[in-house]
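S.K.: Provide a 3D model corresponding to the input given below.
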Amino acid sequence: MKKYYISILLFGFFALQLSAQVNSDNKADKEYDRFAYIDAIKTYERMYERGYKSPDMLLKLANAYYFNGDLENAAKYYKELYAAETIVKPEFYYRFAQSLKSIKEYEKADEMMARFNKENGNDLRAKLALTQKDYLEVIKKNSGRYIIENAGINSEYSDYGSSYYKENLVFTTARDTGNFVKRMDPWTGEGFTNLYQSSIDADGSLKDVKRAFKNLNTKFHESTPVFTKDGTTVYFTRNNYNNGKRGKNANETTLLKVYKATLKGESWDAITELPFNSNNYSVAHPALSFDEKTMYFASDMPGTLGQSDIYQVSINEDGTFGTPENLGKTINTEGRETFPFSTEKNELYFASDGHPGLGGLDVFVSKARQDGSFKEVLNVGEPLNSSKDDFGFLFNTNTKIGYVTSNRDGGLGGDDIYKAKETRPIEYPCEQFLAGTVADVETGEMIENAKVSLYDSSYKLLKSATTNAKGEFDFGEVDCEAKYYIKTEKEAYNTDEISTTIADNTGKTIVPVTIEKTLKKVTVGDDIAKAFGIKIIYFDLNKYNIRPDAALELSKILDVMVQNPTIKIDIRSHTDSRNTAAYNEKLSERRAASTKEWLIQNGVNQSRLTAKGYGESQLVNKCADGVECTEEEHQANRRSEFVIVSIQ
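M.R.: Residues are numbered from 1 along each chain as shown. Next comes the predicted model:
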């Protein structure tokens with residue numbers, strides 16, 4: 001791939017060196033230092049053919065090929081440098097490993113990564129290589145999911161970085177722009193890139209290529225646009241050049257910025273740079289979340305973990321931007337992470353050479369959790385990935401057709417765009433979905449239009465839903481092994497909240513929720529405790545005192561009595577079958593009396609209360625004399641009831 005490298009940034013576009021060339025006997029070194037890698041390669045090759053093979057020259061020649069995406073030739077010179085047993089920096093072993101993967105020498109590549117780990121064990125790429133020694137098996141599992149074919153719009157030059165725009169595919173190309181004088185970029189040996197577009201057939205085939213958006217293209221590089229769904233706004237990458245002025249950093253290099261333009265009529269207008277751009281670092285390759293409230297991009301701004309990282313930034317309703325946030329070590333490494341793309345399924349695709357892959361840049365995917373963090377990164381496998389550079393993945397989740405850029409063998413130019421048809425989805429380690437129903441606790445009838453809210457374990461609101469005509473709600477995907485709270489609200493019903501813990505295996509968790517009406521309809525003969533969902537008042541064996549847990553429930557009975565002063569109740573206390581019937585009858589009388597006394601002491605007029613003990617005469621289960629039962633079964637019989645005898 002000829003477009004990944006910006007000085008030490010290495011994330012997929014072009015820097016412009018503004019300083020003038022200086023004639024020198026060391027011409028190749030000058031060309032190398034000013035990043036004109038095509039010229040440097042030619043000069044170093046001639047020196048190599050004449051037998052000049054110093055370690056410094058071999059390293060620069062290998063790096064020149066590496067930085068220009070020709071990993072096969074890079075491997076050739078890295079091998080020669082390695083054979084010379086020259087002392088090199090740890091990064092050499094990493095580049096050598098990547099280059100070896102491009103020629104499928106994976107065993108040797110793993111050996112170089114082991115050396116890299118030994119020399120630079122704190123590097124995240126080294127740690128990933130150490131902990132993911134079976135990465136080829138993981139990649140194999142995810143392979144065979146795409147049918148890849150040339151998209152049919154490629155030229156002998158580099159074509160890459162596609163984006164959807166209405167019914168078209170917009171892409172970047174270095175092909176002839178039709179000018180009489182073709183300006184050449186010394187970095188790639190090709191013309192400066194511009195935006196072109198092609199129509200998309202129903203089967204994903206591309207045709208009718210033409211130059212797009214004349215007023216967006218300049219004499220320098222434009223690349224990787226992304227359009228809002230309504231087609232009125234575009235964000236795109238360009239060299240630091242706008243309104244005829246180009247910016248540069250302290251080294252006289254023009255870096256990259258992301259620009260915004262708005263469609264007015266047939267023309268893109270008001271081209272402005274985004275507020276987090278800078279002359280001193282690059283920002284490139286914008287992508288939008290499905291709801292268009294978040295932008296993802298690649299940058300080497302302060303805080304970057306590697307050579308380039310993926311960032312996200314919120315887009316406010318008024319069009320302003322929040323503060324960019326680095327996506328962290330799950331996504332980013334000390335290598336290159338670039339070319340993000342987001343789907344409506346909260347999947348983030350991106351290219352990386354820091355995560356274990358097949359060689360060069362590979363396409364990876366990670367799913368966002370409810371809290372915005374990302375899950376384990378997965379290599380999407382062959383044949384979408386190859387031993388060469390693969391990047392710029394774009395995908396339509398409805399048609400299952402997408403596009404990927406690659407410089408794999410068999411292409412027409414430096415980079416080519418390929419059509420990718422997905423035949424089966426990727427298998428994530430654990431996927432769980434959360435849904436449920438809301439019903440009336442008394443009638444069991446399903447409740448429509450109840451508001452159901454999902455909170456995480458820290459009680460942060462994640463999302464809300466409304467039940468349908470069948471009382472159903474669906475929160476979609478949730479995290480495995482996570483604890484959630486579900487709050488249910490409905491007019492004329494008491495608000496309720498329950499917790500649920502998600503399983504650790506793929507599946508769907510269904511949670512039945514029941515809520516009770518705020519106003520209860522009661523009549524003579526009803527048990528207040530049952531009507532209001534109050535727990536049974538239990539007693540200990542051979543005891544009639546009010547237990548603390550019983551006092552809590554009696555407080556609810558008390559509240560009902562206070563709020564409804566015309567109700568009179570009969571307190572009916574019971575025992576289990578153990579001991580004699582006579583003993584139990586007296587014990588139950590004491591239980592009824594102590595319950596009545598507790599209510600009187602707490603403000604209920606005794607004229608509203610009667611109390612009677614029934615001993616073991618009204619058991620609620622099988623546990624009669626001589627029947628073996630558990631303590632829990634006996635406990636069910638040691639209870640008090642609160643039956644309404646009068647409502648005036």
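
S.K.: In three-state terms, label G413 for me.
M.R.: Of the three states, G413 takes coil under DSSP: H, G, I helix; E, B strand; the rest coil.

S.K.: What confidence value was assigned to it?
M.R.: In this model, G413 is scored at 77, pLDDT.

S.K.: so what's it up against?
M.R.: G413 makes contact with N154, S155, E156, Y157, S158, D159, A174, according to Cβ atoms under 8 Å, 6 or more residues apart in numbering. From N, CA and C alone the C-beta is placed, and that goes for glycine too.

S.K.: can you rerun that using 10 Å?
M.R.: 2, 154-160, 173-175, 190, 407 (Cβ atoms under 10 Å, 6 or more residues apart in numbering).

S.K.: By neighbour count, which of the residues you listed wins?
M.R.: Counting neighbours by other Cβ atoms under 10 Å, Y160 comes out on top of the contacts of G413 with 31 neighbours.

S.K.: Return the per-residue confidence for that residue.
M.R.: Y160 is given a pLDDT of 91.

S.K.: can you check T423 too?
M.R.: With respect to pLDDT, T423 scores 95.

S.K.: next one: D526
M.R.: Per the predicted model, pLDDT is 90 at D526.

S.K.: before we move on, what about A624?
M.R.: So A624 comes in at 94 (pLDDT).

S.K.: what do you get for N179?
M.R.: 50.

S.K.: same question, the one 5 residues further on
M.R.: Note for M184: predicted pLDDT of 53.

S.K.: how far out from the middle of the chain is the helix or strand hosting P512?
M.R.: Using DSSP states H and E, the element containing P512 is strand 507-515. Chain-centre distance of strand 507-515: 24 Å, with Cα atoms, centre = their mean, to the nearest Å.

S.K.: Which segments of the protein make up each domain?
M.R.: Annotated domains of the chain cover 16-140, 432-515, 528-647 [automatic domain parsing].

S.K.: circling back to that earlier point, the strand holding P512 - contacts with which helices or strands?
M.R.: strand 432-440, strand 472-478, strand 483-489, strand 496-501 (3 or more Cβ pairs under 10 Å, 6 or more residues apart in numbering; DSSP states H and E).

S.K.: report the angle between the axes of that strand and strand 472-478?
M.R.: Here strand 507-515 runs at an angle of 140 degrees relative to strand 472-478 (axes from the mean of the first three to the mean of the last three Cα atoms, to 10 degrees).

S.K.: List the buried residues in strand 507-515.
M.R.: Applying a neighbour-count criterion of 16 or more other Cβ atoms under 10 Å, one finds T509, V511, V513, T514, I515 buried in strand 507-515.

S.K.: again, but for stretch 560-579
M.R.: Residues of stretch 560-579 classed as buried by neighbour count (16+ other Cβ under 10 Å): 560-561, 567-578.

S.K.: Give me the neighbour count for the nearest residue to T343 once chain neighbours are set aside.
M.R.: Leaving aside its chain neighbours, T343 sits nearest to T397 (5.3 Å; criterion: Cβ to Cβ, 6 or more residues apart in numbering). T397 is flanked by 14 other residues according to other Cβ under 10 Å.

S.K.: Quickly note the distance from T397 to F364.
M.R.: Separation of T397 from F364 (Cβ to Cβ, to the nearest Å): 17 Å.

S.K.: count of neighbours near K108?
M.R.: A count of nearby residues for K108, using other Cβ under 10 Å, gives 17.

S.K.: mind checking the SS state of it?
M.R.: Here K108 is recorded as helix under three-state DSSP.

S.K.: so it touches Q98, yeah?
M.R.: No. Between K108 and Q98 there is no contact under Cβ atoms under 10 Å: 11.8 Å.

S.K.: what touches both of these two?
M.R.: Jointly contacting K108 and Q98 under the rule Cβ under 10 Å, 6+ apart are A75.

S.K.: Neighbouring strands - and their directions - for the strand or helix carrying F364?
M.R.: If you go by DSSP H and E, F364 is part of strand 362-367. In the sheet, strand 362-367 lines up against strand 347-352 (antiparallel), strand 378-379 (antiparallel) (DSSP bridges).

S.K.: and I401, what is it in contact with?
M.R.: Counting by Cβ under 10 Å, 6+ apart, I401 touches 146-147, 200, 202-205, 394-395, 419-422.

S.K.: For those residues, work out which two are farthest apart.
M.R.: Greatest spacing in the contacts of I401, by Cβ to Cβ: Y146 and A202 (18.6 Å).

S.K.: quick one, which of those two is more surrounded?
M.R.: Y146 (24 against 7).

S.K.: The more buried one bridge partners, please.
M.R.: Under the criterion used (DSSP bridges), Y146 bridges to E422.

S.K.: Verify the stated contact: it with S406.
M.R.: No. Assessed by Cβ under 10 Å, Y146 is found out of contact with S406, at 11.9 Å.

S.K.: Count the neighbours of the nearest residue to S386 once chain neighbours are set aside for me.
M.R.: Closest residue to S386 apart from its sequence neighbours, by Cβ to Cβ, 6+ apart: R408 at 4.2 Å. Burial measure for R408: 22 neighbouring residues, criterion other Cβ under 10 Å.

S.K.: Pop out the phi and psi values for R408.
M.R.: With angles defined as degrees, to the nearest 10, R408 sits at phi -60, psi 160.

S.K.: I'd say it and G360 touch.
M.R.: Yes. The pair R408 / G360 is scored as a contact, 9.3 Å apart, by Cβ under 10 Å.

S.K.: Mind listing the shared neighbours of these two?
M.R.: Here R408 and G360 share the contacting residues M1, S102, N385, S386, S387, K388, D389, D390, scored by Cβ under 10 Å, 6+ apart.

S.K.: what's the closest non-adjacent residue to the fifth one?
M.R.: Taking Cβ to Cβ, 6+ apart, and ignoring the residues beside it in sequence, S387 has G359 as its nearest neighbour in space, at 3.9 Å.

S.K.: Adding distance to Y82 and secondary structure, write the contacts of G413 out as JSON lines.
M.R.: Formatted as JSON lines, these follow (distance: Cβ to Cβ, whole Å; DSSP: H, G, I helix; E, B strand; the rest coil):
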{"residue": "K2", "distance to Y82": "25", "secondary structure": "coil"}
{"residue": "N154", "distance to Y82": "35", "secondary structure": "coil"}
{"residue": "S155", "distance to Y82": "36", "secondary structure": "coil"}
{"residue": "E156", "distance to Y82": "34", "secondary structure": "coil"}
{"residue": "Y157", "distance to Y82": "33", "secondary structure": "coil"}
{"residue": "S158", "distance to Y82": "30", "secondary structure": "coil"}
{"residue": "D159", "distance to Y82": "34", "secondary structure": "strand"}
{"residue": "Y160", "distance to Y82": "31", "secondary structure": "strand"}
{"residue": "T173", "distance to Y82": "37", "secondary structure": "strand"}
{"residue": "A174", "distance to Y82": "33", "secondary structure": "coil"}
{"residue": "R175", "distance to Y82": "38", "secondary structure": "coil"}
{"residue": "E190", "distance to Y82": "31", "secondary structure": "strand"}
{"residue": "N407", "distance to Y82": "24", "secondary structure": "coil"}
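
S.K.: so which two of those are the farthest from each other?
M.R.: So, the contacts of G413 by Cβ to Cβ: farthest apart are R175 and N407, at 15.7 Å.
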